[in-house]
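Peer 1: one predicted model, sequence on top.
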Amino acid sequence: MPKHKLLQIGDITPRMANRLADNFDIIEYFRSVDKKKLIAEHVKEIECILTDGHWGVPDNLMERLPNLKIVSSYGVGYDAIDANFAVSKNITVTHTPDVLNDEVADTAIMLWLAIYRNLIQADQWVRTGNWEKEGAFPLSKTVQKQKVGILGLGRIGETIAKRVKAFDAEVHYHSRSKKNNNYQFHASPKELAKNVDVLFIITPGGNETKHLVDASVLKALGTSGTLINISRGSVIDEKALIKALQTGTIGAAGLDVFDAEPVVPNELKNMPNVILTPHVGSATNETRQAMGDLTCDNLLSFFKTGQVLTPVPECLKLNVQR
Ligand code: NAP
């Protein structure tokens, strides 16, 4: 059987390359010096794209490749892929939900604990010799019995909720729909923010959620409020967030995602009440391996059976029709 031509966007792991080797000829897009020539050479042959949540499908490639059948993305967030356009062209889009829920929830909890208990400053206290010179480290804030808000009670949001229950938290949330659970639903992000001590943001990115957290939501969170963003930079008005942190409108923030990654505003880097991580929500060897396997399984299954394991919701209809 001839191999399928696969356009690879971004990096893949050696394990993924091995798993795909028997069935796919991999053409590396971003490593190519002359991308136009590369696409012109293979335009009719490329049947699939392997990408990730960061790069998505750039340069109108879905329009330019007439035989493209499937885009398999390594990551759950697919705001960088125009899934509705893909559906209109009968192109299936897949992503990697669920296998990363625990890891991303752990990262969110890690940021929360680090902020409340002043982890970074405590580490510095020891390293700089302050413990010997100045004595005991200042007291911090407990994570027990807090009012915890979750903006986006989906797969990862639910996993965060389970974890914060272990700290005897009172769980509040806002999402598009009210859920059948014992958590307290609020009709808007602002109402949610008004009622909690710490607010976890874990909606998808994209136009629908752009600046869902704006200056008014931050004001509602209040001077002692903490914000944790583990979703996408676009969900928060970053300028408003910087101002809110500078003026004490909110107390602190833990941020894994940013508007113009990997560029992070200096204002955020210079604030002691902010903890920054470089989009590492799912970034452990174990979870990335599971994500890589699912990314490959979707491609392998598509060409073997016509079905995929984890289509994005927009493509569920396509998957049934094939
Ligand atoms: P999910 O299961 O689809 O959950 C998304 C939640 O957001 C749902 O509760 C949904 O509401 C809610 N939502 C969507 N649009 C909304 C809106 N306009 N207003 C209010 N709520 C809205 O997705 P997931 O698997 O939990 O993943 C969530 C996101 O996390 C991903 O899309 C990705 O951007 C991000 N993520 C980040 C990292 C990282 O490394 N930092 C890693 C993985 C994922 P309904 O329940 O009512 O539909």
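Peer 2: Sure thing, it's come through.

Peer 1: CA only for contacts and neighbour counts going forward, please
Peer 2: Fine.

Peer 1: tell me the residues of the stretch 51-200 of the chain that contact the ligand?
Peer 2: 76-77, 97, 104, 152-157, 175-177 (CA under 6 Å from any ligand atom).

Peer 1: now those residues in TSV, with secondary structure and pLDDT?
Peer 2: As requested, these are arranged in TSV below (DSSP: H, G, I helix; E, B strand; the rest coil; pLDDT from 0 to 100):
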residue	secondary structure	pLDDT
Val76	coil	98
Gly77	coil	98
Pro97	coil	98
Val104	helix	98
Gly152	coil	98
Leu153	coil	98
Gly154	coil	98
Arg155	helix	98
Ile156	helix	98
Gly157	helix	98
Ser175	coil	98
Arg176	coil	98
Ser177	coil	97
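
Peer 1: of these, which pair is most distant in space?
Peer 2: Val104 and Ser177 (22.0 Å; CA to CA).

Peer 1: ends of stretch 299-315, how far apart?
Peer 2: One end of stretch 299-315 to the other measures 15 Å (CA to CA, to the nearest Å).

Peer 1: quick revisit: the more surrounded of Val104 and Ser177?
Peer 2: Comparing Val104 with Ser177 by other CA atoms under 10 Å, the one with more neighbours is Val104, at 24 against 10.

Peer 1: what's the nearest residue to that one if we skip its chain neighbours?
Peer 2: With CA to CA, 6 or more residues apart in numbering as the criterion, Val104 has its nearest non-adjacent residue at 4.5 Å, and that residue is Gly281.

Peer 1: pretty sure that neighbour contacts Glu103?
Peer 2: Yes. At 6.6 Å, Gly281 and Glu103 qualify as touching, with contact defined as CA atoms under 8 Å.

Peer 1: what about the helices in this protein?
Peer 2: Secondary structure of the chain (DSSP state H): helices at 14-20, 35-42, 61-64, 83-88, 101-116, 119-127, 130-134, 155-165, 189-194, 215-221, 238-247, 266-269, 285-305, 316-321.

Peer 1: residue nearest the centroid of this protein?
Peer 2: Per CA atoms, centre = their mean, the C-alpha nearest to the average position across the chain is that of Ser231, at 4.5 Å.

Peer 1: tell me the contacts of whatever residue of the stretch 1-150 of the chain ends up closest to the ligand?
Peer 2: Relative to the ligand, the nearest point of the stretch 1-150 of the chain is Gly77 (3.6 Å; CA to the nearest ligand atom). Gly77 sits next to Gly53, His95, Pro204, Gly205 when contact means CA atoms under 8 Å, 6 or more residues apart in numbering.

Peer 1: same check, this time on Ile250
Peer 2: Applying CA under 8 Å, 6+ apart, the residues contacting Ile250 are Leu218, Lys219, Leu221, Gly222, Thr223, Ser224, Gly225, Thr226, Ala244.

Peer 1: now the fourth one: closest residue in space that isn't a chain neighbour?
Peer 2: Computed as CA to CA, 6+ apart, the closest residue to Gly222 that is not its neighbour in sequence is Ile250, at 5.0 Å.

Peer 1: quick one: residues contacting Thr107.
Peer 2: Going by CA under 8 Å, 6+ apart, Thr107 touches Val280, Gly281, Ser282.

Peer 1: any idea what Ala260 is bridged to?
Peer 2: Val263 (DSSP bridges).

Peer 1: domain ranges for this protein?
Peer 2: For the chain, automatic domain parsing gives the domain ranges 4-97+286-321, 101-276.

Peer 1: now the terminal residues of stretch 8-27, how far apart.
Peer 2: Criterion CA to CA; first-to-last residue distance in stretch 8-27 is 6 Å.

Peer 1: in it, which residues are buried?
Peer 2: For stretch 8-27, burial by neighbour count (16 or more other CA atoms under 10 Å) applies to Gln8, Ile9, Gly10, Met16, Arg19, Leu20, Asn23, Phe24, Asp25, Ile26, Ile27.
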